[in-house]
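Q: what shape does this take:
(3 chains)
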Amino acid sequence: MTTSGGGAERAGEAIYDLMRRLYPICRSITGDGVRRSLSVMQEYAPLELFEVPSGTPVFDWTVPKEWNVRDAYVKNIRGERVIDFQKNSLHLVSYSLPVRRKMSLAELRPHLHTLPEQRDWIPYRTSYYKETWGFCLTQRQLDTLEDGEYEVCIDSTLADGSLTYAECYLPGEREDEILLYSHLCHPSLCNDNLSGMAVLTFLARELQSERRRHSFRFVFAPTTIGSITWLARNEPRLGRIKHGLVVTLVGDPGPLNYKKSRSGDATVDRVLAYVLKRSGRPHEVLEFTPYGYDERQFCSPGINLPVGRLTRTPNACYPQYHTSADDLDFVRPEALAGSLEICREALRTLDRDAYYVNTNPKCEPQLGRRGLYRKTSAERDVGQRDLALLWVLNLCDGRNSLLDIAERSGLTFDIIANSADDLLEAGLLKRAVEQGSQE
Amino acid sequence: MTTSGGGAERAGEAIYDLMRRLYPICRSITGDGVRRSLSVMQEYAPLELFEVPSGTPVFDWTVPKEWNVRDAYVKNIRGERVIDFQKNSLHLVSYSLPVRRKMSLAELRPHLHTLPEQRDWIPYRTSYYKETWGFCLTQRQLDTLEDGEYEVCIDSTLADGSLTYAECYLPGEREDEILLYSHLCHPSLCNDNLSGMAVLTFLARELQSERRRHSFRFVFAPTTIGSITWLARNEPRLGRIKHGLVVTLVGDPGPLNYKKSRSGDATVDRVLAYVLKRSGRPHEVLEFTPYGYDERQFCSPGINLPVGRLTRTPNACYPQYHTSADDLDFVRPEALAGSLEICREALRTLDRDAYYVNTNPKCEPQLGRRGLYRKTSAERDVGQRDLALLWVLNLCDGRNSLLDIAERSGLTFDIIANSADDLLEAGLLKRAVEQGSQE
Amino acid sequence: MTTSGGGAERAGEAIYDLMRRLYPICRSITGDGVRRSLSVMQEYAPLELFEVPSGTPVFDWTVPKEWNVRDAYVKNIRGERVIDFQKNSLHLVSYSLPVRRKMSLAELRPHLHTLPEQRDWIPYRTSYYKETWGFCLTQRQLDTLEDGEYEVCIDSTLADGSLTYAECYLPGEREDEILLYSHLCHPSLCNDNLSGMAVLTFLARELQSERRRHSFRFVFAPTTIGSITWLARNEPRLGRIKHGLVVTLVGDPGPLNYKKSRSGDATVDRVLAYVLKRSGRPHEVLEFTPYGYDERQFCSPGINLPVGRLTRTPNACYPQYHTSADDLDFVRPEALAGSLEICREALRTLDRDAYYVNTNPKCEPQLGRRGLYRKTSAERDVGQRDLALLWVLNLCDGRNSLLDIAERSGLTFDIIANSADDLLEAGLLKRAVEQGSQE
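A: Numbering: from 1, shown residues only, chains lettered A, B, ... in the order given. Here you go, the predicted model:
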């Protein structure tokens, strides 16, 4: 199931190509940019779109008005667009109110945002909950602006509409779900988070055709208000979610970082640690903190789902974060392919992990008679496969998962899981009834 | 609330002055010396005295007869007092029977106690439960005694009376109590335990005027029989004691030593470890052992209260222990002030620590709308105060105390507790009902 | 109780002498060789023999037919025995079918087993569950065989009969049992497992005359089918087994190896680790694995008894394993004596360990009045014996065993257990009712 070298390279390039298509589109927490992005992604995987009307109460929050922008610029006295939203969607503060006025530079100044310490980068700014407007530009651009009158145009609308999110649901043998979540609200920023959107789109595309025990649900929604909205609308069905992963910031060349769920010892935490360790890739496993991306909502105390987060360099830990330098040069196809590989392997392990019960628990069953045991009296020591059979039989008392057995035995998860399949077929194991499992 | 440098110096001197006044008084486990000491302490803090009659059964023990001594000496043939209780109360073995006889040195000898290896120090001896008499003196004194007749006088009484102890009770918002205990039975010994008596007297004095959630109870009683008597008389009310600390031997210049309670993981254990660590002062945290001072009784299996012990150099670990060299030169005002500071900080933390429940646990509440969240979209990363709000909201599910949250987050207890206060005021937290708490 | 230097030497020699007597006998999982071996062992300790008929179902297995062999050889054309079972019982594959035929070397060849990499050693082979026949010989022997006709004779019977095992039961004050198990099915191999058989025989002999709280049960049975048969027949009584130890491969000069029971934290696991550590002998404590000897059956999930395993060098970890080189030269009397010593000490500690309850749990009892406390006011610090009394009184709340107390206090198990005996006699302790204990 592991992608071979060449396959990984192709996968990385394909993900990167999707990002290239999505890059110019101006996304925000609502609006047509989101819809346009999702429709591109629908070419790759079967996404269903959902619209939630402005004003809908979602827990402590309210779905905001929908924001759309057709054009935005600042023209100088010579009619030249000195700041032009068409060139880079970051130039406009997200959720800026419509403006069409002439004003002096002095009047304009408080509405202009730069990064003085990074003179060539445009910052990323939003103002979702405070009605205002503004432009972002490089410090170098700002320094060239002459005194005089400017024409300011923000051809935007902020009006009742809806918040858009998408799901890709791949039903499995059971209703138990594994959730994958990516935020989609950031405009022309590549690592944050076209990388997560594109990697999950390709993962969904790839997994469609595979046998699954769990059902997989991919959710693409704006950060914070999107996950809150999704949780509020799906609250009665959250019990189905057995494992979850927020995938975001997975395109930069930094090492992989897995941030644990709130409990710190959920199966998803152990699986990600296991998969990352066995991958041999540079990585770190971070303790849970309540600051970050949408895992904040999934891991709030009243929701408390076992949802971790996979990134490469975490938010705010690289200088390009939330600036125009988080562009197509900053992300690497190899990094995208590696992130996809870890997600795939984690999903596969989560899906395969299970609790079984030995149906013949009093002493060992006679494996030789069933053709399962390969060791002969001529061999001094036991092979890995026979050992795996013994471990599985010994620990399958309903209290140890296959992952527990892999970890305790020191054998690979795959050998353990394959042995369990053989024993299941021989009638020497049966599936344990898991608490809260939805058949 | 921390005493500034000058304040700490003044506090140390004031505690030392109180010790100087108490030093000459001959205390024992009963008697007028105890009452006289307590009446001096009453000038500083509102102590209430209790008298328990001799013969009262207290668990496996019985309150002993009361011992008083007016004078005691050994005179040589020339009528000179060669051993004189008036000069140092340690010269008389505590609980010595009355004697008025002439006898040869040979006859006297078995009643004389010295420290041959410390020729200039008087040992401290008691004989509470075996009726006998004796004198303690320096080896150098003993060596000068000539053969011949001596006049021995112990003008003491051992008769029905009572055992005296004192309490200072500072009621708080709740009946839940924090107990502070110091033994008061040792005669002219400074570190053991005028230091504990004086530090707790000043702590009680200082805290009288402060707002408290818990009630504070200071107990001054003789060691072993005193704590046993106090526990026997207060048994029905012991459930109120949520945390306790024996404070003793806190005047020497050695590092602070906290000895854990029997369970080893009581809140008082964690708070003292936390406060000592953050204080930056040299210190050690010791595991519980059933040998020591009155924590032995509080931590007996049928009482089992969460009571730890704060000392500096523990008993028997310094050569001056239980000798006349444990005098006013051995204790230092700075050490006393430092011990007071740790007690104060520990009490404040114990008092403030609590369990809260997030009233809006499903996803994060919208803090911005309530003016609680300070981060703006221009900031790359979150500040400590905002982070503290998120941690408190995330972990306040009734199972994590503020101290738990401070430890897990790595933020200071004060930032966490202040954030909890703000969230409480905003209605986003409420107090959890604690098991066994007395409102 | 510890054997003195000379005693240990004599013990080692005596065990070795018993092994020397048993060495030539051809044992297998059934048959007269087993009975003959047990009758030799009965000269040393009171063993009772049990016979279980062939065909008896035992869990997933069936008691096999009984195998006996009178003679077996391969003669060359000159009538010389080129392979002779009379010289070494390893020459015949265990459970070989009867054969009496002439055949060419080419025909014979597939039935001959050697160790090409150890040219002078005869391998040990069995074929319990596949009906066939064969001879084992050294590679050097094989190389000398000339082409031509050979006379093959295996004068064996494989027929309904029974499986034989033995028990030595030493009743104690209680029905709670400690189980000791040794497999007895291997033919002329010394470490595996005449060593275990002989050490346990001497241990049973020695312990007959001692006071015991638990009952001790020694079981000698063939490996795998023997323990399965014993467990199946004794299933209703397994609740009595509080601790167990498989003793096997204990004669080689390697360090002692204790392999933990399935739970990894059973009392037997802690006692063996404690005893080995205090013995000062080189040793290792190994985690449980489901591969090994009869602990596999005792530790199967549906049996799940707290049974560990004591060996020296574990199976398959020394080159002589399962070859004729595991002979009388390979095992050492000193090693046997050391193994006996560890078994004896472990049994004594397991037998003595218990849960007690302080009958006077509220504050300390007045030990001085009962003559139990030795410290006087002249002593600065407390002695080990007084400290042990305080630890036992403090921790005997029914939740701490004497071993727990020894480990927490850092005092030796013997001081703790002796103190408990004194307090028991003084009425200050009583035995806790242990869950599932059989009085």
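Q: what's the burial count for the residue of the stretch 301-439 of chain A found nearest chain B?
A: Using Cβ to the nearest Cβ, the closest approach of the stretch 301-439 of chain A to chain B is made by A:G302 at 2.8 Å. For the C-beta atoms, the positions are set from N, CA and C on the backbone; glycine is no exception. Neighbour count for A:G302, taken as other Cβ atoms under 10 Å in any protein chain shown: 14.
Q: how close does it get to C:V58?
A: In this structure, A:G302 and C:V58 are 54 Å apart, going by Cβ to Cβ, to the nearest Å.
Q: about what we covered before: what sits closest to the residue of the stretch 301-439 of chain A closest to chain B if chain neighbours are left out?
A: B:P361 (2.8 Å; Cβ to Cβ, 6 or more residues apart in numbering or on different chains).
Q: around chain B, which positions in the stretch 1-150 of chain A sit nearby?
A: Taking Cβ under 8 Å from any Cβ of the partner chain, the part of the stretch 1-150 of chain A that reaches chain B is made up of A:58-61, A:113, A:123-127, A:129.
Q: mind putting those in CSV, secondary structure, pLDDT and neighbour count included?
A: Output for the residues of the stretch 1-150 of chain A next to chain B, formatted as CSV (DSSP: H, G, I helix; E, B strand; the rest coil; pLDDT from 0 to 100; neighbours: other Cβ atoms under 10 Å in any protein chain shown):
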residue, secondary structure, pLDDT, neighbour count
A:V58, strand, 98, 21
A:F59, coil, 98, 21
A:D60, coil, 97, 17
A:W61, strand, 98, 19
A:H113, strand, 97, 18
A:P123, strand, 97, 20
A:Y124, coil, 97, 24
A:R125, coil, 96, 19
A:T126, strand, 95, 20
A:S127, coil, 94, 16
A:Y129, coil, 89, 13
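Q: give me the subset of those residues touching chain C.
A: Okay, of the residues of the stretch 1-150 of chain A next to chain B, nothing touches chain C (Cβ under 8 Å from any Cβ).
Q: which one of the residues you listed is nearest to chain C?
A: Taking Cβ to the nearest Cβ as the measure, chain C sits nearest to A:F59 out of the residues of the stretch 1-150 of chain A next to chain B, at 44.2 Å.
Q: how much space separates the closest residue to A:Y73 other than its chain neighbours from A:L372?
A: Counting by Cβ to Cβ, 6+ apart, A:R81 is the residue found nearest to A:Y73 once chain neighbours are left out, at 4.5 Å. Noted for A:R81: a distance of 75 Å to A:L372, by Cβ to Cβ.
Q: counting by contacts, list what whichever strand or helix holds A:K277 packs against.
A: Using DSSP states H and E, A:K277 maps to helix A:267-279. Under the contact criterion of 3 or more Cβ pairs under 8 Å, 6 or more residues apart in numbering or on different chains; DSSP states H and E, helix A:267-279 touches strand A:241-247, strand A:256-259, strand A:283-286, strand A:307-311, helix A:333-352, helix A:402-409.
Q: again, only using 10 Å
A: The contact analysis (3 or more Cβ pairs under 10 Å, 6 or more residues apart in numbering or on different chains; DSSP states H and E) places helix A:267-279 against strand A:241-247, strand A:256-259, strand A:283-286, strand A:307-311, helix A:333-352, strand A:397-401, helix A:402-409, helix A:413-425.
Q: angle of that helix against helix A:333-352?
A: Angle, helix A:267-279 to helix A:333-352, by axes from the mean of the first three to the mean of the last three Cα atoms, to 10 degrees: 130 degrees.
Q: and helix A:267-279, which residues are buried?
A: Across helix A:267-279, burial judged by 16 or more other Cβ atoms under 10 Å in any protein chain shown covers A:267-276, A:279.
Q: which helix or strand in chain A has the lowest average pLDDT?
A: When each helix and strand of chain A is scored by mean pLDDT, DSSP states H and E, helix A:5-22 comes last, with a mean of 92.
Q: would you mind listing the buried residues in the helix or strand just after it?
A: Going down the chain from helix A:5-22, the next helix or strand is helix A:32-41, by DSSP H and E. For helix A:32-41, the neighbour count (16+ other Cβ under 10 Å) marks A:32-35, A:37-38, A:41 as buried.
Q: low-confidence stretches in the stretch 1-150 of chain A?
A: For the stretch 1-150 of chain A, applying pLDDT under 70 flags the ranges A:1-5.
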